[in-house]
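# what's the 3D shape of this:
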Amino acid sequence: MQHSLSYHLMEEDVPAAAIDYSNLGVLFSKMNLTDSSIYYLKKSMLLAEEIGDIQLSAKNAIELSGQFVVNGNFKEAYDYQQKYILYNDSVYNISKAEAIAEMQTQYETEKKENQIQLLNKDREFSSNRYKKKNLMQIGLVCGIIVLVIFFGLFFNRYKLKRTIQSQEALLNERKRISSELHDDLGLSYRLQSFI
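Next up, the predicted model:
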């Protein structure tokens with residue numbers, strides 16, 4: 001542990017050194033070396049407070065409180081117990097704030113996803129309405145074209161029928177005139193031969 005601490009101090013890795021000091025303090029505590037445990041835990045506490053590591057500070061405070069109880073220094077034990085409560089509340093508040101922020105993020109994400117779904121449905125509805133409108137317009141144009149063609153054919157047939165009727169009437173008129181001329185010629189020929 002002390003080699004690790006020396007390396008982290010040499011590298012100026014303050015967070016790792018704070019953890020090493022804390023681990024050494026806990027290790028000395030388990031070996032019933034209270035004074036050494038208090039020394040390393042206080043060093044860790046200073047570094048943890050310096051870098052703002054609240055969780056490590058809370059861990060060190062509760063360990064120091066226990067070591068001062070073993071030493072019989074109840075005033076220091078009480079002070080570190082109070083620090084532990086303070087840090088623990090801060091950790092709880094930070095955790096709570098993080099949980100609230102995470103819930104807020106999830107809520108915002110779900111809200112955005114719902115808005116996207118609504119926009120996609122609206123776009124799809126508009127697209128379908130647009131397609132329907134286009135199909136209706138195409139159907140109307142096709143219907144008008146069919147009607148124009150139908151009326152054009154009907155009008156041509158009617159015109160052709162009228163032309164045929166007028167030609168038949170003209171032909172009948174010519175036949176009548178021809179037969180009258182023929183009858184008139186025959187009558188005049190008979191009259192001449194009769195005279």
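# which of the residues in stretch 19-38 are buried?
For stretch 19-38, a neighbour-count test (16 or more other CB atoms under 10 Å) marks 19-22, 24-26, 28-29, 34, 36-38 as buried. For glycine as for every other residue, the C-beta is placed from the backbone atoms N, C-alpha and C.
# Mind jotting down where the helices sit in the protein?
For the chain, the helices defined by DSSP state H occupy 2-10, 14-30, 34-51, 54-71, 74-194.
# Output those as a markdown table; include the columns mean pLDDT.
Formatted as a markdown table, these follow (pLDDT from 0 to 100):
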| stretch | mean pLDDT |
| --- | --- |
| helix 2-10 | 87 |
| helix 14-30 | 92 |
| helix 34-51 | 91 |
| helix 54-71 | 90 |
| helix 74-194 | 85 |
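# Hmm, residue 20 is touching residue 10, no?
No: at 11.9 Å, residue 20 does not count as touching residue 10 under the criterion of CB atoms under 8 Å.
# Tell me the spacing between the residue at minimal distance from the centre of the chain and residue 110.
Note on the chain: the residue nearest the mean C-alpha position is residue 116, at 4.2 Å, using CA atoms, centre = their mean. In this view, residue 116 and residue 110 are 11 Å apart by CB to CB, to the nearest Å.
# picking that back up, save the buried residues of stretch 19-38 as CSV, and put in distance to residue 149 too.
Converted to CSV, the buried residues of stretch 19-38 look like this (distance: CB to CB, whole Å):
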residue, distance to residue 149
19, 91
20, 95
21, 98
22, 95
24, 100
25, 100
26, 98
28, 105
29, 103
34, 109
36, 108
37, 105
38, 106
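# Residue 51: which of the residues you listed is nearest?
Residue 51 lies nearest to residue 19 out of the buried residues of stretch 19-38, by CB to CB, at 10.6 Å.
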